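Novice: need coordinates for the following:
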Amino acid sequence: NLAMVIPELAVHILVFVAGLITVILTLSSAIATFVLPRAARSQLNRIVFGLLRRIVNFILHFAKTYSRRDTIMAYYAPVGLMLLLPTWYLLILLGYAAMYWALGVGDLFAVFRLSGSSLFTLGFDISKTPTVTVFAFSEAMIGLMLVGLLIGYLPAMYSAFARREQAVNLLEVRAGSPPSALEMLLRFHRNHGLDKLSDYWKIWEAWFADVEESHTTLPALIFFRSPRPENSWVTAAGTVLDAAAITLSAIEIPYEVSAALCLRAGFLALRRIANYFDVPNPQDPHYPATPICIERHEFDEVLDQLAVARLPVKTDREQAWRDFAGWRVNYDRTLILLCGLVMAPRAPWSSDRAPKFHLPPIMILKKHKLLASETKNV
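Specialist: Presented below is the predicted three-dimensional model:
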């Protein structure tokens with residue numbers, strides 16, 4: 001009899017431990033998503049969003065226009081976010097059911113009945129032993145906490161989204177639609193004067209800092225699309241960075257420290273967001289060792305148009321190109337890969353040359369695997 005009891009006891013212990021680990025890992029995913037005030041990866045979240053992206057990409061094959069694809073992609077992040085809650089509930093239900101079974105509550109139907117009744121606080125089933133009652137109460141508390149956390153999480157996310165989109169919408173007034181660095185500099189020259197750019201760089205320096213913080217602690221925000229299909233936070237960031245790089249390298253005005261600070265804040269923000277999503281990007285690039293996707297003739301064409309509009313363009317085009325490439329190399333690859341990741345609308349010098357996005361493996365154990373196949377095309 002003892003030989004039969006020991007293996008049965010070992011099975012119960014293993015099932016209990018497996019259920020407990022399932023609950024702990026699920027709670028750690030929820031805490032990393034809702035509570036932890038810093039960037040923290042969750043493999044469970046990656047699986048949920050990865051599987052959903054595959055479904056969305058399959059549906060995108062039937063969309064013939066960008067407007068239609070944008071409408072479909074607009075549902076991706078909100079649906080993925082809402083799927084996290086039932087996923088956590090299911091795993092907690094299974095984890096507690098395993099623990100109830102190990103504690104001898106009854107057969108499979110009985111343990112699922114008790115686990116579901118406790119988790120959803122329905123109260124139609126109760127435990128008759130003190131130990132199981134304690135576990136049932138803890139499960140009910142977890143169920144209420146998850147709902148409360150989600151309710152508190154959504155206002156914070158949409159507040160960060162509103163701050164991001166306000167600047168993106170205002171950029172359309174100054175840089176056109178789709179936004180371009182050329183149009184932004186031309187409009188500032190006509191309407192405000194280039195000396196007013198210093199104040200604008202400070203606004204976008206703060207915007208980059210806010211986006212970096214919000215899009216790594218609330219990572220689903222990266223996939224939240226702008227209210228208008230032709231707008232995107234990624235292409236807006238690229239436009240401002242290119243305008244600052246052109247100003248510093250090719251416009252004959254006093255050196256503007258705020259433009260350099262805006263550039264640094266921008267490429268650091270994009271780089272850290274890319275690192276969070278394991279998008280491969282050079283951490284300390286230098287031109288010409290690291291090439292950029294802007295051709296020299298494209299740069300010269302922009303300077304020609306600026307000169308026609310009577311902007312004070314520097315005469316040494318060769319040095320201007322080297323300076324521009326030296327700034328652009330810091331964010332060039334990161335920018336265009338993020339455009340591919342979020343399927344950004346077409347905009348010059350960013351999404352118009354982004355490589356096609358290929359889904360990475362759902363389970364990623366090492367960094368810098370995402371979009372690795374695209375980097376050789378950049």
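Novice: for Phe277, see how far away the residue nearest to the spatial centre of the chain is.
Specialist: The chain has Ile222 as the residue nearest its centroid, 3.2 Å off, counting by Cα atoms, centre = their mean. Separation of Ile222 from Phe277 (Cβ to Cβ, to the nearest Å) stands at 7 Å. Where you see a C-beta, it was placed from the backbone N, CA and C, and this is true even at glycine.
Novice: shared neighbours, these two?
Specialist: Leu341 (Cβ atoms under 8 Å, 6 or more residues apart in numbering).
Novice: can you pull the pLDDT of Phe324?
Specialist: Note on Phe324: pLDDT of 96.
Novice: that one contacts Ile246, doesn't it?
Specialist: Yes - in terms of Cβ atoms under 8 Å, Phe324 counts as a neighbour of Ile246; the distance is 6.4 Å.
Novice: who touches both of the two?
Specialist: By Cβ under 8 Å, 6+ apart, no residue touches both Phe324 and Ile246.
Novice: where do the helices sit along this protein?
Specialist: Taking DSSP state H as the criterion, the chain contains helices spanning 2-34, 43-60, 66-74, 76-102, 108-119, 130-175, 181-191, 197-217, 233-250, 257-276, 296-308, 317-328, 332-342, 372-375.
Novice: as a markdown table, these with distance to Ala289 and mean neighbour count would be great.
Specialist: Formatted as a markdown table, the helices of the chain follow (distance: least, Cβ to Cβ, whole Å; neighbours: other Cβ atoms under 10 Å):
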| stretch | distance to Ala289 | mean neighbour count |
| --- | --- | --- |
| helix 2-34 | 37 | 15 |
| helix 43-60 | 33 | 16 |
| helix 66-74 | 35 | 16 |
| helix 76-102 | 36 | 20 |
| helix 108-119 | 56 | 19 |
| helix 130-175 | 31 | 16 |
| helix 181-191 | 24 | 18 |
| helix 197-217 | 26 | 19 |
| helix 233-250 | 18 | 27 |
| helix 257-276 | 17 | 21 |
| helix 296-308 | 17 | 15 |
| helix 317-328 | 11 | 18 |
| helix 332-342 | 13 | 25 |
| helix 372-375 | 15 | 15 |
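Novice: the residue nearest to the centre of the chain against Arg272, yeah?
Specialist: No - contact criterion Cβ under 8 Å: Ile222 and Arg272 do not qualify, at 11.7 Å.
Novice: with just CA atoms, put stretch 104-122 into CSV.
Specialist: This file holds the C-alpha atoms of stretch 104-122, laid out as CSV (Å, rounded to 0.1, in the frame of the first residue of the first chain):
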residue,chain,number,x,y,z
GLY,A,104,-8.4,16.4,-3.2
VAL,A,105,-11.4,18.6,-4.1
GLY,A,106,-12.8,16.0,-6.5
ASP,A,107,-12.9,15.1,-10.2
LEU,A,108,-12.1,17.4,-13.1
PHE,A,109,-15.6,18.8,-13.3
ALA,A,110,-15.6,19.6,-9.6
VAL,A,111,-12.3,21.4,-9.6
PHE,A,112,-13.2,23.5,-12.7
ARG,A,113,-16.5,24.3,-11.2
LEU,A,114,-14.9,25.5,-8.0
SER,A,115,-12.2,27.4,-9.8
GLY,A,116,-14.6,29.2,-12.1
SER,A,117,-17.0,30.0,-9.3
SER,A,118,-14.1,31.5,-7.3
LEU,A,119,-12.4,33.4,-10.1
PHE,A,120,-15.5,35.0,-11.5
THR,A,121,-16.9,35.6,-7.9
LEU,A,122,-20.1,33.9,-8.9
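Novice: average pLDDT across that stretch?
Specialist: 89.
Novice: go on, stretch 66-83?
Specialist: pLDDT averaged over stretch 66-83 gives 92.
Novice: and the gap between the nearest residue to Leu60 once chain neighbours are set aside and Tyr76?
Specialist: Using Cβ to Cβ, 6 or more residues apart in numbering and skipping the chain neighbours, the partner closest in space to Leu60 is Arg69 (5.4 Å). In this view, Arg69 and Tyr76 are 11 Å apart by Cβ to Cβ.
Novice: and what of Leu90?
Specialist: 21 Å.
Novice: re the thing from before, distance to His286 added to the helices of the chain, as a markdown table?
Specialist: A markdown table is the format used below for the helices of the chain (distance: least, Cβ to Cβ, whole Å):
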| stretch | distance to His286 |
| --- | --- |
| helix 2-34 | 35 |
| helix 43-60 | 32 |
| helix 66-74 | 35 |
| helix 76-102 | 35 |
| helix 108-119 | 55 |
| helix 130-175 | 28 |
| helix 181-191 | 22 |
| helix 197-217 | 22 |
| helix 233-250 | 15 |
| helix 257-276 | 13 |
| helix 296-308 | 18 |
| helix 317-328 | 8 |
| helix 332-342 | 12 |
| helix 372-375 | 17 |
